[in-house]
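*Asks:* Need a 3D model of the sequence below.
(2 chains)
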Amino acid sequence: MFTNTTRSLLGAGKRLRVPVPIRSLSSPSQPSAPTPTATQETAPQPAASPAPESVSTPTPEQPSEPLVKEWSERLGALGKGTRLPRSVQAIYMRPLRRKAEYGLPVCDLQLRSYSVENVEFFADFAIRAAYYLNLPVSGPVPLPRIVERWTVPRSNFVHKKSQENFERITLRRLIQIKDGNPKAVQAWLAFLRKHAFYGVGMKANVWEHDSLDVGKSMDESLPEIEKALGSHLAQFGQRKDNSVESSIFDTLDSDRFAERTSR
Amino acid sequence: MSKPAASLFHPKRLNLSGFINTRLIRDHNKRMAFEQTEPERQALRYMIRNTSLPGRTRAQAQLQLSQMHAYTRPTQIKNRCVASGTARSVFRDFRINRYQFRLQALSGELPGVKKASW
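*Replies:* Presented below is the predicted three-dimensional model:
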């Protein structure tokens, strides 16, 4: 009974935009505490409404200074003396970038989408992610749009004179990573793939640079690679029982082949 | 003796989904038949063109190639609309007939495709 009334009163207070001391209303510890805002007319159950002297104290017709302000005011007051954390604040700014020392391109990431918002948003996201991975980035470069057009007759049969045009425009953005650590680039690409955005396709070209003694380093790493590939390479090869000492002519004259081509 | 019946090329299980038609199934069978016999066809084609082989062998290979079933020829394969089975004006980009393309584009089922005006 009591909870029912409090709920209805709460609703009435919301509707009337009258300051409501919510704690006294919602707490069941003081069931007899009179609610100052209760209006006799809006309360659905007059029997449960509090004493008349408490009702008369505030005047709903002439609302005084509200004790609790509106949400917008309260939120606005939040930012006055304080500030957001830097990382959160950065979201409202242009993305930060690292400076490239040598400007050696390491990775080209192309983003494609049919909608501007998606591709712009994801390009921004990728640049921010690159900043936190210490990768100097350049872009996003808007590449030429790919426009495909189709013209089809409106009708399913004849009436060639009445046609309709359709098009699909692919938007592209190019993001280039410069002299980054290859492992960091891989991590960046993996992160982007993990957080892939809907309707945005990705294509990456990755280049790795090595010193002039590539041959030596490759020779050194060969045993390791062979060891790693050994289990896979063991699966390849010809079966010993499969080697036939016959020629192709025998195969052509064989029963199996003749069966396929028999009249 | 007659040529092997087309039923020889009926696969046990159809690898098809969506709209299904007799003609669509037939085309599917042709694709499967071509896929299965492609190495043989290529071997025969190679032998026919290889001038270092004896003429008799090449002639034999020609005969055998021409006697293979029609369904094993790649020219028998025709793109068909996956939504209606039609064989005419099928867009390769969408594998859909021009009319189905219009219907689906207008209902927004093809991502990115909009009515164009320029």
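*Asks:* For the rest of this, base every contact and every neighbour count on C-alpha atoms.
*Replies:* Noted.
*Asks:* can you list the residues of chain B near chain A?
*Replies:* Residues of chain B lying near chain A by CA under 8 Å from any CA of the partner chain: B:1-4, B:57, B:64, B:67-69, B:98-99, B:102, B:105, B:111-117.
*Asks:* remind me, longest helix of chain B?
*Replies:* Longest helix of chain B, by residue count under DSSP state H: helix B:22-49.
*Asks:* from the chain's centre, how far out does the helix or strand following that one sit?
*Replies:* Downstream of helix B:22-49, the next assigned helix or strand under DSSP states H and E is helix B:55-67. In terms of CA atoms, centre = their mean, to the nearest Å, the centre of helix B:55-67 is found 24 Å from the chain centre.
*Asks:* Buried by neighbour count: which residues of helix B:55-67 qualify?
*Replies:* Using 16 or more other CA atoms under 10 Å in any protein chain shown as the test for burial, helix B:55-67 gives B:58, B:60-62, B:64-65.
*Asks:* now the residue nearest the centre of chain B: how far from residue A:207?
*Replies:* The residue lying closest to the centre of chain B (CA atoms, centre = their mean) is residue B:77, at 2.4 Å. Per CA to CA, to the nearest Å, residue B:77 is found 41 Å from residue A:207.
*Asks:* before we move on, the earlier item: can you pull the contacts of the residue nearest to the centre of chain B?
*Replies:* With contact set as CA atoms under 8 Å, 6 or more residues apart in numbering or on different chains, residue B:77 has these partners: B:27, B:30-31.
*Asks:* Now tabulate those residues in TSV and tack on distance to residue A:113 and neighbour count.
*Replies:* Putting the contacts of residue B:77 into TSV (distance: CA to CA, whole Å; neighbours: other CA atoms under 10 Å in any protein chain shown) gives the following:
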residue	distance to residue A:113	neighbour count
B:27	34	18
B:30	36	24
B:31	33	19
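*Asks:* can I get the residues you listed in TSV with pLDDT?
*Replies:* Below are the contacts of residue B:77 laid out as TSV (pLDDT from 0 to 100):
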residue	pLDDT
B:27	92
B:30	92
B:31	91
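*Asks:* can you list these in JSON lines and add distance to residue A:258?
*Replies:* As requested, the contacts of residue B:77 are exported to JSON lines (distance: CA to CA, whole Å):
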{"residue": "B:27", "distance to residue A:258": "26"}
{"residue": "B:30", "distance to residue A:258": "21"}
{"residue": "B:31", "distance to residue A:258": "22"}
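*Asks:* Quick check: of those, which lies closest to chain A?
*Replies:* residue B:30 (15.5 Å; CA to the nearest CA).
*Asks:* Check the spacing between the closest residue to that closest one other than its chain neighbours and residue B:38 real quick.
*Replies:* What sits nearest to residue B:30 in space, not counting adjacent residues and going by CA to CA, 6 or more residues apart in numbering or on different chains, is residue B:71, at 4.9 Å. Computed with CA to CA, the distance linking residue B:71 and residue B:38 is 11 Å.
*Asks:* Compare the two (neighbour count), which wins?
*Replies:* More neighbours surround residue B:71 than the other of residue B:71 and residue B:38, with 20 against 15 (other CA atoms under 10 Å in any protein chain shown).
*Asks:* contacting residues around that one?
*Replies:* B:6, B:9, B:29-31, B:33-34.
*Asks:* Quick one, which of these are buried?
*Replies:* Buried by 16+ other CA under 10 Å: B:9, B:29-31, B:33-34, out of the contacts of residue B:71.
*Asks:* burial measure for residue A:215, as a count.
*Replies:* 10.
*Asks:* quick one: what helix or strand has it in it?
*Replies:* Going by DSSP H and E, residue A:215 is part of helix A:214-233.
*Asks:* Tabulate the CA atom coordinates of that helix in PDB.
*Replies:* C-alpha atoms of helix A:214-233 as PDB (Å, rounded to 0.1, in the frame of the first residue of the first chain):
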ATOM      1  CA  VAL A 214      70.200 -10.100 -45.500                       C
ATOM      2  CA  GLY A 215      71.800 -13.300 -46.900                       C
ATOM      3  CA  LYS A 216      73.800 -13.900 -43.800                       C
ATOM      4  CA  SER A 217      70.900 -13.400 -41.400                       C
ATOM      5  CA  MET A 218      68.600 -15.500 -43.500                       C
ATOM      6  CA  ASP A 219      71.200 -18.300 -43.500                       C
ATOM      7  CA  GLU A 220      71.400 -18.100 -39.800                       C
ATOM      8  CA  SER A 221      67.700 -18.300 -39.400                       C
ATOM      9  CA  LEU A 222      67.300 -21.200 -41.800                       C
ATOM     10  CA  PRO A 223      67.700 -24.100 -39.300                       C
ATOM     11  CA  GLU A 224      65.000 -22.600 -37.100                       C
ATOM     12  CA  ILE A 225      62.600 -22.200 -40.000                       C
ATOM     13  CA  GLU A 226      63.300 -25.700 -41.200                       C
ATOM     14  CA  LYS A 227      62.600 -27.000 -37.700                       C
ATOM     15  CA  ALA A 228      59.400 -25.100 -37.500                       C
ATOM     16  CA  LEU A 229      58.300 -26.200 -41.000                       C
ATOM     17  CA  GLY A 230      59.400 -29.800 -40.600                       C
ATOM     18  CA  SER A 231      56.100 -31.100 -39.400                       C
ATOM     19  CA  HIS A 232      54.300 -29.400 -42.300                       C
ATOM     20  CA  LEU A 233      56.800 -30.400 -45.000                       C
END
